[in-house]
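Asks: no FASTA, just this:
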C-alpha cells in the first residue's frame, strides 16, 4: 500500500499522478474502515482527500502553516503527517478528533469552533510580514458553511485591505456544514458553482492543450489563471473579487492536478487569494452520499458495508426535546425555532418538518441568532434557540445586552451541557452555568430526567419578560428520578429518617447528576451520616427556600456538571451568606481547566466527580466537624 509509505508530507513529492489517485482511493478505504470501528467525523474527511493531498504537495508544512477551520476534516491531514494509528481515535490516549498541538508540529489550531481560521491566518500572515519571513506561507481551509459566520467576514475585511500580504484562502465548497448551507452567501456560491461556462471552456481545451508540445500546459495554466476580463465574459463577477481578493475557481476539488495548479499559482501571488474548490461530502462511500441529512458528518460505530449503526440508540436528551418542541408547536403558534446550522444535531428537524414556516437557520452565526431572537420576541413571537452549550459562549454579549437588557422572552436550549468527552476540550459544555450567572433576570433550568425536561421546557416558554435557559447532557437520557415532594420550588429527592432532628448533609443536585447524588446519599448512610437530597430544578435564581433548608443541616454540598468557578455552587454559597446562614459548603464540579478527549465516565473519574470520591470527601468533612478528624480517621467508602 502507498499509504503505509507516507511518513510525512514530503513523501508525497515523489508520487506520480497515477499513484496520487491510488493513494486517494486507499485513504478513503482506510477512513471508512477505521472510523466505522471508533465513530467520528467521516463524511467531511471523505470529501477533502484530494484537496489535502494537493495542499501538502504545494505547501511545506510545518514551515508553511496549513490551517483547518473547525478541524473535523483533518483526519486526512493526520494520515499524511505520520499519524496512521486510528485504533484509539477520540478515546483516552488515542488520536484527537481534531488537530492537536500535542500530537504533531503540523497542527496549529486546536479550537474546533467554526469560522475562526481566517482570523488565525490573518495574524500568522502578519507575523510573517513583520518578521521578514518571505519564504513562509499560510493556507487556510474554510468551508462554505463556516463562511456564514460573522467572524469569517470580519477577517476577510482585514485580509482584503492588505494587498501585499500573501495569504491563500481555500474555500472548501461542498454546499454543507452539518446539513445544506443556507443564506445569501450560499446562493452566491451556488451561482459560481453552477455558472460553469468558464470551467467547461477550459475543460474542453485541456486535453488538446496538454497534448500540444512545449507550450500546451503553460498555455492552459495561463488561461486558467486569466484575470477578471475573460471570467466576467463567461461567468458572473464574484463578490470575492469585489472585496479586492484575487479569486481562482471554481476548481474540481477531486482533481489533484487541477488543485495543485491552482494552489501553486495562488502561492506565487504576492497578496491574498481565494481558491474556490468544489468537493463532495462523503465522496466514495455510498451510505454517506445517500444520507441526505448530513452525509455522515459524524457517526458512531457502524457497519462499514451498510453504514448502519452497530447498536440501536436509546432515547437521547435531544430526542426528548425534539418531540416536546413539536407538541408545544401545535399548541403555541407563536413559538418558533432557531438553529445555528445544526438543525439535526440539536433536534429541531422534527419541528422544521411540522412547521417549515416557523424555523430559522441563521448559519454559523450564534451572535446574530441571539439578537434576531430578541427581535422575534419583541415582535410577539417566542423563539426557542437550540444550540450546543459550548457554542452559546460566542453569543454572550447578545444574551446580556440584547435579550436580557430588553427583557425579551427568549428560550435558549443548551444541548451537550457538561462533560461531553470524545470531542475534546472545545466541546465540553462546562462554561454556561458560570457565564450565565451574571446575566440579570435570566432563569436557568437543569432538568434531571426526561419528564423534567418536558416540564421545564414548557415552563421556560411561558416566560415572556426575561431570557430562560434549559440545559441538558449529551447522549442517552437516564431513568426517571421521582420526587418525594416539593420544598419551595425545589424537588425533594431524598429525606432523612423522621427521627433525625438535624440531618448532617444537604446535597444540592444539579441536573442529570441526580442519580449520582442519590448514590452519594446511600454511601453516606452506610457511614451513619444522614442526608437530604434536593433538586432545585431552576438553578438561577437560587430558590428562596434553600437558605432556611440549609440552616437545618450541618453541611451543604453542591454537585454540578459545570465548572466550579462561578457555577451553581458559588451562587448557592453567596445566597447562604446573603441570608446569614453560616453553614460549611463544599462545591463539587468540573475543575477550571481544559479537559482532554476521553469517554465521559473516564473524565468524571479523572476529575473526581463520582459518587465514591465525593462521599469520601464529605465523610471526612463530617468527621472533622465531629472532632474525629485527627484522632479517628474517617472510614473508607467503597
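Replies: Arrived safely, thanks for sending. Treat the numbers as computed from the prediction; the structure is a model and nothing was measured.

Asks: in this protein, where is pLDDT below threshold?
Replies: Low-confidence regions of the chain, defined here as pLDDT under 70, cover residues 176-239, 628-638.

Asks: can you rerun that using 80?
Replies: 111-112, 175-244, 292-295, 312-314, 421, 424, 628-638 (pLDDT under 80).

Asks: which one's the longest helix in it?
Replies: helix 17-38 (DSSP state H).

Asks: in that helix, what's buried?
Replies: Of all the residues in helix 17-38, those buried under the rule 16 or more other CB atoms under 10 Å are 20-21, 23-24, 26-28, 30-32, 34-36, 38. Quick note: C-beta positions are derived from backbone N, CA and C, even for glycine.

Asks: and residue 62, how many neighbours does it have?
Replies: 15 (other CB atoms under 10 Å).

Asks: thought residue 99 was touching it, still the case?
Replies: No - assessed by CB atoms under 8 Å, residue 62 is found out of contact with residue 99, at 11.9 Å.

Asks: first vs last residue of stretch 69-89, how far apart are they?
Replies: One end of stretch 69-89 to the other measures 20 Å (CA to CA, to the nearest Å).

Asks: no no, stretch 523-531
Replies: End-to-end distance for stretch 523-531, by CA to CA: 10 Å.

Asks: same question for stretch 261-275.
Replies: Note: stretch 261-275 ends 11 Å apart using CA to CA.

Asks: what sits up against that stretch?
Replies: By CB atoms under 8 Å, 6 or more residues apart in numbering, the residues outside stretch 261-275 that reach it are 54-55, 58-59, 137, 139, 159-160, 162-171, 221, 224-225, 240, 245-249, 251, 277.

Asks: residue 255: how many residues sit nearby?
Replies: 18.

Asks: pull the contacting residues for it.
Replies: Applying CB under 8 Å, 6+ apart, we find residue 255 in contact with residue 50.

Asks: over to residue 310?
Replies: The contact partners of residue 310, taken as CB under 8 Å, 6+ apart, are 300-303.

Asks: most neighbours among those, which one?
Replies: For the contacts of residue 310, neighbours were counted using other CB under 10 Å, and residue 302 has the most, 20 neighbours in all.

Asks: tell me the first helix or strand C-terminal of the longest strand along the chain.
Replies: Longest strand in the chain by number of residues, with DSSP state E as the criterion: strand 555-563. Where DSSP states H and E defines the elements, the next helix or strand beyond strand 555-563 is helix 568-578.

Asks: report the inter-axis angle for the next helix or strand after that next one versus strand 555-563.
Replies: Note on helix 568-578: by DSSP H and E, the next helix or strand toward the C-terminus is strand 585-590. For strand 585-590 against strand 555-563, the angle by axes from the mean of the first three to the mean of the last three CA atoms, to 10 degrees is 20 degrees.

Asks: so what's the gap between strand 585-590 and the chain middle?
Replies: Chain-centre distance of strand 585-590: 26 Å, with CA atoms, centre = their mean, to the nearest Å.

Asks: mind listing the strands it pairs with, and their directions?
Replies: In the sheet, strand 585-590 lines up against strand 555-563 (parallel) (DSSP bridges).

Asks: got the angle between the strand it pairs with and helix 568-578?
Replies: 140 degrees.

Asks: in strand 555-563, what's buried?
Replies: For strand 555-563, the buried set under the neighbour-count rule, 16+ other CB under 10 Å, comprises 555-563.

Asks: strands of the stretch 51-200 of the chain, start to end?
Replies: 65-68, 138-143, 167-173 (DSSP state E, counting those that start in this stretch).

Asks: adjacent strands (with direction) for the shortest one?
Replies: Note on strand 65-68: by DSSP bridges, its sheet partners are strand 138-143 (parallel).

Asks: tell me what angle the partner strand forms with strand 167-173.
Replies: Using the same axes, to 10 degrees: strand 138-143 against strand 167-173 is 20 degrees.

Asks: list the contacts of strand 138-143.
Replies: By CB under 8 Å, 6+ apart, strand 138-143 touches 48, 51, 55, 58-59, 64-70, 73, 114-115, 117-118, 120-121, 124-125, 128, 152, 166-174, 176-177, 263, 267.

Asks: so how far is it from its chain's centroid?
Replies: On CA atoms, centre = their mean, the centre of strand 138-143 falls 19 Å from that of its chain.

Asks: right, and the helix or strand after the longest helix of the chain?
Replies: Taking DSSP H and E, what comes next after helix 17-38 is helix 43-46.

Asks: what is that following helix packed up against?
Replies: helix 17-38 (3 or more CB pairs under 8 Å, 6 or more residues apart in numbering; DSSP states H and E).

Asks: which other residues reach the helix it packs on?
Replies: 1-3, 6, 12, 15, 41-42, 45-46, 49-50, 53, 57, 75-76, 79, 84, 86-91, 256-257, 283-285, 299, 301-304.

Asks: can you flag the buried ones in the residues you listed?
Replies: 2-3, 6, 12, 15, 41-42, 45-46, 49-50, 53, 57, 75-76, 79, 86, 89-91, 256, 283-285, 299, 302.

Asks: so how far is residue 337 from residue 43?
Replies: 24 Å (CB to CB, to the nearest Å).

Asks: what's the answer for residue 452, then?
Replies: For residue 452, the distance to residue 337 - CB to CB - is 21 Å.

Asks: what does residue 161 give?
Replies: Residue 161 is 38 Å from residue 337, by CB to CB.

Asks: between these two, which has more neighbouring residues?
Replies: Using other CB under 10 Å, the more surrounded residue of residue 161 and residue 337 is residue 337, with 25 against 12.

Asks: surely the more buried one is in contact with residue 352?
Replies: Yes - Residue 337 is within contact range of residue 352, at 6.9 Å (criterion: CB under 8 Å).

Asks: ok, the residue positioned nearest the centre of the chain - contacts?
Replies: Compute the mean C-alpha point of the chain, and by CA atoms, centre = their mean the closest residue is residue 427, 5.1 Å away. For residue 427, the contacting residues are 112, 388, 390, 416, 420, by CB under 8 Å, 6+ apart.

Asks: do residue 436 as well
Replies: By CB under 8 Å, 6+ apart, residue 436 lies in contact with 399, 442, 444, 469, 540.
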